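S.K.: model the structure of this input:
(chains A, B, C and D)
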Protein chains: 2
Amino acid sequence: METRELRYFVAVAEELHFGRAAQRLGIAQPPLSRAIQQLERRLGAALLDRTSRAVTLTEAGSVLLVEGRAALDAVGAAERRTRRAAPSATGRPGLVLVTKASASRELLAELLDAYAAEPGAVPVDVILCGPAEQERLLRDGRADVALLHRPFDSTAGFHTEELSTEGQVAVLPAGHPLTVRAQVLMADITGLPGLPLPRWPDPDGTYPPGPGPQVRDHAQLLQLVALGRACAVSPESCRAQLHGDLAAVPVLDAPKVTTVIAWPPHSRSRAVADLVRTATRL
Amino acid sequence: METRELRYFVAVAEELHFGRAAQRLGIAQPPLSRAIQQLERRLGAALLDRTSRAVTLTEAGSVLLVEGRAALDAVGAAERRTRRAAPSATGRPGLVLVTKASASRELLAELLDAYAAEPGAVPVDVILCGPAEQERLLRDGRADVALLHRPFDSTAGFHTEELSTEGQVAVLPAGHPLTVRAQVLMADITGLPGLPLPRWPDPDGTYPPGPGPQVRDHAQLLQLVALGRACAVSPESCRAQLHGDLAAVPVLDAPKVTTVIAWPPHSRSRAVADLVRTATRL
DNA sequence: CGGATCAATACCCTGCCAGTATCGATGACC
DNA sequence: GGTCATCGATACTGGCAGGGTATTGATCCG
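M.R.: Model (predicted):
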């Protein structure tokens, strides 16, 4: 199976529309139709059910969508990492570290400082992004190493080392009745009138149905809490980012959050190894 | 980057010889030379240093060899798993489980029996193979689930659940002086005259240099021990497979061996999920 | 019963990939 | 030192795959 065929199929499977998929791919619709047919013939499996009004995925098609995306990421990663290892790129042999904007700034600063002091340290570019992005960047080779947070992020497919564990706090508008308490339980904050917990996007970028505002990152969330439109449960370390309009109360029975450093299992880079070693020694 | 280019490069990188690689790929040598040149041009990176007498990998080339193999495995897995999910294959929608021949027979039998009793269980094909093969089969989609043994097998890139932990025993020829002991230490058996520990192949199929006989699987190893040509340190459960010529003594300070069930992180198959759930409940 | 939408088909053409033949460089051997 | 063998690169050619345009056929809508 060629990556071109995979790209074509993934486009159609995501759009569920040959015309739009062809447009996205920058080709005409007929070649796309034929390419998918050929792919189906070679696999001996129907991937799509088409009527002239709707295209839907078959069972095999759903499998290929998931597996195909992973395979395309792997190919993309191979390409990017090879480029990065090229001598012509030696001008910037830096590492790319990706983490959430909401992550502990102290831990990150400490790590970067400690690593920079190591002999043979290379420049580290830091990318901040939303939770779903991180995994993708690491998987497709745009990043070398990530700081992830269990249990929120999936660490499947990566090597990881645990760095720190912390409890969670409820973030509430300043002056809310609950803020006088020394601690609360999850049950205390799940049904607060007018202060629903927010909805985070699924990995595919869509939001689950239900009440609560949609948020993409932690800054948005804190903004909503300050506006009195939501409440939140966040790792303790976010307290450093709270300003006057917000208050935090420990949540006793919230799951503990573990910060881990993650890197792709094939990494043979000394820089990644050094950074990980530095991190585990903090 | 197309998978064809990757296949070509991996072949050349493994053979370090354009002629042999071309033969292996079933094409002539000139197209192969051109394909690699084109790949290098597109990546903007030299992958191979060629003289007319020798071909060697550059830094970027080594990266692409490792990453490219992983990517090709991912593409192969996508293809195989899609085929398996096709309705035409519904005649055999079975699971493929891969494990070492030396693994605990009881654990495996127990697992298969328990799973077969589950509602909705599908037939399970069992593949037995050497340690290095397992990872590959799981990674390239020929197997759905594996029983691996930490710390011997790398579980990088897979989801895993721990099933059981056991100590290790020294396996010695019957009648050896040490067999009268109730327990031994690693130090007692590392330097035994005439009974070296064996060498296992690296993931690439080559053997590390040093003394000791080369073995590929556990049966070979036990044979060598029975012949008085080696000794071994193996998980306790191998005792069930020892016959009269062999004796086992617990090794106090050998690392504990954990049997884990592993599956690819993208698996959305209910059968795999059921099998894993069954395994963790044993 | 038209018209709109959308995938499939028919047909053509271009460019890429693979093949054969050959060259050029390098090391081996007498 | 000359000759030969080895091995990768280059030159040239042909077939076919993949892409484009035009059109058909099926289905839903008003």
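S.K.: excluding chain neighbours, what is closest to A:Gly76?
M.R.: Spatial nearest neighbour of A:Gly76, excluding adjacent residues (CB to CB, 6 or more residues apart in numbering or on different chains): A:Asp140 at 4.4 Å. The way it works is simple: take the backbone N, C-alpha and C, and place the C-beta from them, glycine included.
S.K.: may I see the buried residues of the lowest-mean-pLDDT helix or strand in chain A?
M.R.: Least confident element among the helices and strands of chain A, by mean pLDDT, DSSP states H and E: helix A:218-226 (a mean of 78). The neighbour-count criterion (16 or more other CB atoms under 10 Å in any protein chain shown) identifies A:His218, A:Leu221, A:Leu222, A:Leu224, A:Val225, A:Ala226 as the buried residues of helix A:218-226.
S.K.: listing partners with orientation, what would you give for the helix or strand that comes right after that helix?
M.R.: Per DSSP states H and E, the first helix or strand lying C-terminal to helix A:218-226 is strand A:232-235. The pairing partners recorded for strand A:232-235 under DSSP bridges are strand A:168-173 (antiparallel).
S.K.: could you check the angle helix A:218-226 makes with the partner strand?
M.R.: Compare the direction of strand A:168-173 with that of helix A:218-226 by axes from the mean of the first three to the mean of the last three CA atoms, to 10 degrees and you get 50 degrees.
S.K.: ok so, going back, how about the buried residues of helix A:218-226 in JSON lines, adding distance to B:Cys238?
M.R.: Formatted as JSON lines, the entries for these read as follows, by distance: CB to CB, whole Å:
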{"residue": "A:His218", "distance to B:Cys238": "51"}
{"residue": "A:Leu221", "distance to B:Cys238": "54"}
{"residue": "A:Leu222", "distance to B:Cys238": "57"}
{"residue": "A:Leu224", "distance to B:Cys238": "59"}
{"residue": "A:Val225", "distance to B:Cys238": "58"}
{"residue": "A:Ala226", "distance to B:Cys238": "62"}
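S.K.: ok, and of the residues you listed, which contact chain B?
M.R.: Applying CB under 8 Å from any CB of the partner chain to the buried residues of helix A:218-226, one finds that nothing falls near chain B.
S.K.: ok, the residues you listed vs A:Leu6, which is closest?
M.R.: The shortest gap between A:Leu6 and any of the buried residues of helix A:218-226 belongs to A:His218, at 34.4 Å (CB to CB).
S.K.: can you tell me how far that closest one is from DNA strand C?
M.R.: Distance, A:His218 to DNA strand C, using CB to the nearest atom of the strand, to the nearest Å: 39 Å.
S.K.: what are the structural domain limits within chain A?
M.R.: By the record's domain assignment, chain A is partitioned as A:3-84, A:92-166+A:257-281, A:168-251 (automatic domain parsing).
S.K.: most distant residue from the middle of chain A?
M.R.: Among the C-alpha atoms of chain A, the one most distant from their mean position (CA atoms, centre = their mean) is that of A:Ser52, at 36.2 Å.
S.K.: quick check: phi and psi on that residue?
M.R.: Reported as degrees, to the nearest 10, the phi and psi values for A:Ser52 are phi -70, psi 0.
S.K.: just the helices in the stretch 1-150 of chain A please.
M.R.: In order along the chain, the stretch 1-150 of chain A carries the following helices (DSSP state H, counting those that start in this stretch): A:3-15, A:18-25, A:29-43, A:59-85, A:105-116, A:131-139.
S.K.: columns mean pLDDT on top of these, output as a markdown table?
M.R.: Putting the helices of the stretch 1-150 of chain A into a markdown table (pLDDT from 0 to 100) gives the following:
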| stretch | mean pLDDT |
| --- | --- |
| helix A:3-15 | 91 |
| helix A:18-25 | 89 |
| helix A:29-43 | 89 |
| helix A:59-85 | 90 |
| helix A:105-116 | 86 |
| helix A:131-139 | 82 |
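S.K.: pick the most buried one from those helices.
M.R.: Mean neighbours per residue, mean count of other CB atoms under 10 Å in any protein chain shown, is largest over the helices of the stretch 1-150 of chain A for helix A:59-85, with a mean of 23.
S.K.: that one - contacts with which helices or strands?
M.R.: Taking 3 or more CB pairs under 8 Å, 6 or more residues apart in numbering or on different chains; DSSP states H and E as the contact definition, the neighbouring helices and strands of helix A:59-85 are helix A:3-15, helix A:131-139, helix B:3-15, helix B:29-43, helix B:59-85.
S.K.: one step back: now the two most distant members of the buried residues of helix A:218-226.
M.R.: Of all pairs drawn from the buried residues of helix A:218-226, the greatest distance, 12.5 Å, lies between A:His218 and A:Ala226 (CB to CB).
S.K.: between these two, what contacts are shared?
M.R.: Counting by CB atoms under 8 Å, 6 or more residues apart in numbering or on different chains, A:His218 and A:Ala226 have no common neighbour.
S.K.: which residues of the stretch 1-150 of chain A lie near DNA strand D?
M.R.: Within the stretch 1-150 of chain A, the residues that sit near DNA strand D (CB under 7 Å from any atom of the strand) are A:2, A:4, A:26-28, A:30-31, A:34-35, A:38, A:51-53.
S.K.: right, I'll call it a day here.
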